[in-house]
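Q: the following comprises the amino acid sequence and a computationally predicted model.
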Amino acid sequence: MLTASAFLLALGLSMDAVAVSISSGLCRPGERFWRLMRMPLAFGFFQALMPFIGWLGGAAVVKHVATWDHWLAFALLAGIGGKMLWEAWKGGDEECGPADPFAWGRLTVLAIATSIDALAAGLTIAFIDLPVAFTLAIIGGTTTALCLPAVLLAGRLGERWAGRAEILGGLVLIGIGAKILVDHLGG
């Protein structure tokens, strides 16, 4: 069951990065393969790093909040998921600009921006007692594995898939939060 929870968490967290990968691939058709590879690798790295930082903070306070940690985990995941749904609903007026999303500076900013919610989700790793190294590897690996085809096949997928990825990610995170809450309150 822990493996499924880790994978679902990874799936939900990776959807922002997948959406950015799609839109970046759309903006730079014909980019060289090795330049495109930067994005999935950077996104996977930061999607694993940020929850680790969040876990460090969560591990320090978990014993102090054990009586209401399930509510906190639910609030964090539902908030992140709700934010993703809101962003998908309001739509993006992102257009391809002159900035190169595959340049290291811009790519680092994009990787950090898409992984900020993973920082908060890292707190939940401590609260629901998932194995840290395993969960971080699943999050980073899943993000990399999903962003690679997203950036490579963006021209074929079209922009509509970027929004659908955010909707799926938001729903998955809200579902995980609800499951944590129900499991804790029910047993």
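A: Great, that's in hand.
Q: burial measure for residue 82, as a count.
A: Per other C-beta atoms under 10 Å, the neighbour tally for residue 82 reads 14. For glycine as for every other residue, the C-beta is placed from the backbone atoms N, C-alpha and C.
Q: element containing residue 136, please.
A: Element membership for residue 136 (DSSP states H and E) is helix 132-152.
Q: any buried residues in that helix, and which?
A: Across helix 132-152, burial judged by 16 or more other C-beta atoms under 10 Å covers 132, 135-136, 138-144, 146-152.
Q: again with stretch 3-19
A: 5-19.
Q: which of these fall within helices?
A: Counted as lying in helices by DSSP state H, out of those, are 5-19.
Q: by mean pLDDT, point me to the weakest helix or strand of this protein.
A: helix 154-157 (a mean of 66; mean pLDDT, DSSP states H and E).
Q: how much space between residue 172 and residue 33?
A: Between residue 172 and residue 33 the distance is 29 Å, computed by C-beta to C-beta, to the nearest Å.
Q: whoops, residue 42 was the one
A: Counting by C-beta to C-beta, the gap from residue 42 to residue 33 is 15 Å.
Q: looking at those two, which is more packed in?
A: With other C-beta under 10 Å as the criterion, residue 42 and residue 33 differ in neighbour count, and residue 42 comes out ahead with 23 against 8.
Q: average model confidence for stretch 56-66?
A: Mean per-residue pLDDT for stretch 56-66: 71.
Q: start the count at 27, not 1, going forward
A: Happy to do that; since the first residue is 27 now, the last one works out to stretch 82-92.
Q: excluding its backbone neighbours, what's nearest residue 210?
A: Closest residue to residue 210 apart from its sequence neighbours, by C-beta to C-beta, 6 or more residues apart in numbering: residue 96 at 3.6 Å.
Q: list the buried ones in the helix or strand hosting the one you found?
A: Per DSSP H and E: residue 96 is located in helix 95-116. By 16+ other C-beta under 10 Å, the buried positions in helix 95-116 come out as 95-100, 102-104, 106-107, 110-111, 113-114.
Q: from those, which single one is nearest residue 144?
A: Checking the buried residues of helix 95-116 against residue 144 by C-beta to C-beta gives residue 106 as the nearest, at 8.6 Å.
Q: buried residues in the longest helix belonging to the chain, which are they?
A: In the chain, taking DSSP H as the definition, the longest helix is helix 59-87. Across helix 59-87, burial judged by 16+ other C-beta under 10 Å covers 62-70, 72-78, 80-81, 84.
Q: go on, stretch 45-58?
A: Buried-residue list, stretch 45-58, by 16+ other C-beta under 10 Å: 45-54, 57.
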